[in-house]
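# Pasting the sequence and the predicted coordinates here, then a few questions.
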Amino acid sequence: FFFLMIRRPPRSTRKESSAASMCIRDRESQKTRWITMKPVNSPNADSPGELLANVQFSPKGSEMFRRPVEFEKKNYKLTIRIKSGFYMAPDVKSDEEIETRIEVFVGRDKQGQTPSIKGRYPVWNYCTQHKLMLKEDLKYEGDLLVLAYKKVKGMFGNKEELLGQFALKLLNIRATRIRLDQEGIDANYFKEYYNLVKDSAVNGRILAFFD
């Protein structure tokens, strides 16, 4: 027979500090070890095998549970160039009854608005610049939203209703500018057509560029 005796350390013996014990536990938790697997539904059944793994548990509030790092906000210059419209409000029969304008938002903040112009092919030639405070990682910011409105005659005078809209990701806008610079294209003369969509129908197009 063998007897194991555990003796209490003398009073003069210094105990391990909490920081040191935490370091020891951390080193122990980082070791890879064999873990015996057992069926969840039948814990008393024979083990189907062993798994060589490193399993670590972190208490709430540790690095694993911290919130993602917030990016600092920086100044960005947004340039809006809205040239013209193409075949606006195709459901309206007469060109004289069409009067449209464009609004541009980033998130909930309005960044620009064209005047209302009559005709199916309005020419706004609108250009404006705004300084925005955006996070360094632009994917966390709201998209650039473009809305087109048309005036409609009603019983109590003219009223506005949404003609169509489209959205652009700020990351894509920046990527387009980088591509133009690489290809040596002057952004001041670059425009693209965008479809104005409402209820899955295209209600016109605008020629514009956002930088």
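Now that the structure is in, tell me what you want to look at.

# dump the residue contacts of Ile82.
Ile102, Val104, Gly112, Thr114, Trp124, Tyr126, Cys127, Ile206, Leu207, Ala208 (C-beta atoms under 8 Å, 6 or more residues apart in numbering). From N, CA and C alone the C-beta is placed, and that goes for glycine too.

# Report pLDDT for the first one.
By that I understand Ile102. For Ile102, the model assigns a pLDDT of 95.

# From Thr36, how far out is it?
As judged by C-beta to C-beta, to the nearest Å, Ile102 and Thr36 stand 67 Å apart.

# who has more neighbours, those two?
Ile102 (25 against 9; other C-beta atoms under 10 Å).

# Who does that one form a beta bridge with?
Ala148 (DSSP bridges).

# ok, of the contacts of Ile82, which one's closest to Asp91?
Proximity of the contacts of Ile82 to Asp91 (C-beta to C-beta) peaks at Ile206, which lies at 17.1 Å.

# Any regions of the chain where pLDDT drops low?
1-35, 37-71, 139-142, 154-155 (pLDDT under 70).

# quick one, helices of it?
Secondary structure of the chain (DSSP state H): helices at 18-29, 170-183.

# in the longest one, what's buried?
Yep, that's helix 170-183 we're talking about. For helix 170-183, a neighbour-count test (16 or more other C-beta atoms under 10 Å) marks Leu170, Ile173, Thr176, Arg177 as buried.

# any chance of those in JSON lines, with distance to Asn188 too?
Output for these, formatted as JSON lines (distance: C-beta to C-beta, whole Å):
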{"residue": "Leu170", "distance to Asn188": "20"}
{"residue": "Ile173", "distance to Asn188": "15"}
{"residue": "Thr176", "distance to Asn188": "14"}
{"residue": "Arg177", "distance to Asn188": "12"}
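
# Can you tell me which of those residues lies closest to Leu196?
For these, the nearest to Leu196 is Ile173 (18.1 Å; C-beta to C-beta).

# ok, the closest one - contacts?
Leu144, Phe210, Asp211.

# who does the first one bridge with?
When bridges are taken as DSSP bridges, the partners of Leu144 come out as Val106, Leu168.

# Touching stretch 192-206 from outside, list them.
82-91, 100, 102, 146, 148, 162-166, 207-209.

# at 6 Å instead, please
Gly85, Phe86, Tyr87, Met88, Ala148, Leu163, Gly164, Phe166, Leu207 (C-beta atoms under 6 Å, 6 or more residues apart in numbering).

# my read: the first one touches Arg120, true?
Just to be clear, that refers to Gly85. No: assessed by C-beta atoms under 6 Å, Gly85 is found out of contact with Arg120, at 7.7 Å.

# More neighbours: which of these two?
More crowded of Gly85 and Arg120, by other C-beta under 10 Å: Gly85, with 27 against 18.

# For the more buried one, which non-adjacent residue is spatially closest?
Spatially, and ignoring its direct neighbours in sequence, Gly85 is nearest to Pro122 (4.5 Å; C-beta to C-beta, 6 or more residues apart in numbering).
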